[in-house]
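In: have a look at this prediction, sequence included:
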Amino acid sequence: MRKGLAEKLRIKDTKSETIWTTASGVLNTNRKSKIYLELPELSDTLAIHCDVHLAKDLGRYDIILGRDILQELGIILNFKTKEVQHKHVSIPMVPSDEIESHCVAGIQERIINPGSDTKNERNSRR
């Protein structure tokens with residue numbers, strides 16, 4: 001997750017740097033946070049508490065979900081049909097050249113500091 005989105009979260013320094021090699025280059029992180037992530041485009045109930053690594057810059061992305069989280073949520077990336085699927089819901093993939101930084105607002109609304117919000121409070125906002 002882009003570090004700038006974590007301003008209101010508890011940030012923890014890691015003991016060592018984590019390094020990923022990606023198609024876009026090398027990504028280094030040394031900070032983590034816990035988030036509560038909801039994906040209302042796919043389901044009213046699809047949510048997960050997860051640890052995220054914080055990176056100074058993710059290019060045009062605000063957050064990158066790893067295979068571990070996608071698998072735990074049961075999300076299927078269907079490149080043949082260009083859809084993201086969860087159970088009976090399918091939404092179109094956004095072409096990478098159309099991803100815009102204004103998506104940050106939507107992600108910020110979905111990141112909730114664990115422990116600061118109860119399930120009942122979240123449900124009352126729906």
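Out: Structure's in. What do you need?
In: where in this structure is pLDDT low?
Out: Regions of the chain meeting the criterion pLDDT under 70 cover residues 2, 98-126.
In: would you double-check that Gln71 falls in a helix?
Out: Yes: according to DSSP: H, G, I helix; E, B strand; the rest coil, Gln71 belongs to a helix.
In: which ones are touching it?
Out: Listed by CB atoms under 8 Å, 6 or more residues apart in numbering, the contact set of Gln71 is empty. Every residue, glycine included, has its C-beta placed from N, CA and C.
In: that one and Leu77, how far apart?
Out: 11 Å (CB to CB, to the nearest Å).
In: what comes up buried for the lengthiest strand in the chain?
Out: In the chain, taking DSSP state E as the definition, the longest strand is strand 25-38. Buried residues in strand 25-38, counted by 16 or more other CB atoms under 10 Å: 27, 29, 31-33, 35-38.
In: so what strands line up beside the helix or strand that that strand is followed by?
Out: Next helix or strand after strand 25-38 toward the C-terminus (DSSP states H and E): strand 47-54. Paired neighbours of strand 47-54 in the sheet (DSSP bridges): strand 25-38 (antiparallel).
In: starting at the chain centroid, how far to the strand it pairs with?
Out: 9 Å (CA atoms, centre = their mean, to the nearest Å).
In: and the contacts of that strand?
Out: 1, 3, 6, 9-14, 16-21, 46-55, 58, 69, 110-114, 117.
In: same check, this time on stretch 9-16
Out: For stretch 9-16, using CB under 8 Å, 6+ apart, the contacting residues are 29-35, 54, 111, 113.
In: let's see that with 7 Å instead.
Out: The contact list for stretch 9-16, computed with CB atoms under 7 Å, 6 or more residues apart in numbering, reads 30-33, 35, 54, 113.
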